[in-house]
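Undergrad: one predicted model, sequence on top.
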Amino acid sequence: MGSIPAVLHTGMTHLVKIHPAIPDDIPTLAEINWQAYRTDPMFKVGFVNWPDDEHMKPFFYGRVKGRFEIPKTVMYKAVGEADGVIHGFIALTEEEDKKQEEGEVREAEDGANEDIKQEVQMQNGSSDEPRHSAQISDTPSTTAATPDSLTTLRPTININELSKNTGTAEYFKAQNNSHEFTLPDYLNAEMMLSTRDGIMPMMNAIAKSGKHYYISAFAVRPESQGQGIGSNLIDHCIKVVEKDPSKIPIWLIALPSSHHLCLTHGFVDKDHCDMDLDKYDAQRRQLGVYRQWAMRRETV
């Protein structure tokens, strides 16, 4: 996408400019991300000992840092003209058509598998099926967990099972130096697995919907919310995409706190998943059903 010139936006009380963020901004962006989402119901349940700032802060830091490692991603920050403070940020990723990529990979794999098959047949002295076949499972290895077993059994998760382009996969990969890891004790394993199972079908559908842009991060300082800064950040992304002659759509996954704002900017609900947080909440806070929406905005 390249570097995008700063664009001036006016909020209700803040005059801000939108600039591409840089790695030096990561600590500030992570702090904003933590402040904006630490009281979100999903994170209240997701962190076993909430409020758990000891683990939440590194978690959000890792997610923000991970986004800088995602190809074709630009993180934009809203900087106050008067105070120079970063009031919010948003991440925009240009994604290729995963369906086409998978087809190309599958075709290459089929060709490679045929070569291997012929080689094995030659080694066995037969043109029939090989006498011995080795199966390599491409299904992620996940240990099923029940509520009763959570205290003694921590599920193993494959990086590829996590939502793409959120920074979460990059965070856990960096922490474990592996594509597979055991969920840490401070996370609610049962809820994490349920979240994955609910979100991944939507994420996979988005990934295979054709070439598109994806908004993967969006946060505004709590004290700066309600002043138009979030709208400015979304508007900036829309303008960036509209400059692309390919006119591809924008996708995002909206949380309850941002759903209405996304609707007002032309995003349309395409799918949703519901999670009964009370089912996973040992503290019984009666948080109810938590809905997340897959939303799409056409580019004209």
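TA: Ah, there it is. Residues are numbered from 1 along each chain as shown.
Undergrad: show me where pLDDT drops low in the stretch 1-150 of the chain?
TA: Using pLDDT under 70 as the threshold, the predicted model of the stretch 1-150 of the chain has low-confidence ranges 1-14, 99-150.
Undergrad: tell me where it has helices.
TA: Taking DSSP state H, counting those that start in this stretch, the helices of the stretch 1-150 of the chain run over residues 26-37, 41-46, 53-67, 98-124.
Undergrad: could you say what helices and strands the first one packs with?
TA: Okay, so that is helix 26-37. Using 3 or more C-beta pairs under 8 Å, 6 or more residues apart in numbering; DSSP states H and E as the contact criterion, the neighbours of helix 26-37 among helices and strands are helix 53-67, strand 86-95, strand 212-220. All C-beta atoms are positioned from the backbone trio N, CA, C, and that covers glycine.
Undergrad: repeat that for 6 Å
TA: In terms of contacts (3 or more C-beta pairs under 6 Å, 6 or more residues apart in numbering; DSSP states H and E), helix 26-37 is packed against helix 53-67, strand 212-220.
Undergrad: count of residues packed around residue 225?
TA: Residue 225: 15 surrounding residues under other C-beta atoms under 10 Å.
Undergrad: can you tell me how far the nearest residue to it once chain neighbours are set aside is from residue 255?
TA: With C-beta to C-beta, 6 or more residues apart in numbering as the measure, residue 36 is the residue that lies nearest to residue 225, at 7.9 Å, once sequence neighbours are left out. The spacing between residue 36 and residue 255, counted by C-beta to C-beta, to the nearest Å, is 10 Å.
Undergrad: the two: who's more crowded?
TA: The residue with more neighbours, out of residue 36 and residue 255 and counting by other C-beta under 10 Å, is residue 36; that gives 22 against 17.
Undergrad: would you map the strands across the protein?
TA: Per DSSP state E, the chain has strands spanning 7-10, 15-20, 73-80, 86-95, 156-158, 180-182, 212-220, 250-254, 268-276, 289-297. These are given in chain order.
Undergrad: who are the packing partners of the third one?
TA: Of the remaining helices and strands, those touching strand 73-80 by 3+ C-beta pairs under 6 Å, 6+ apart are strand 15-20, strand 86-95, helix 229-242.
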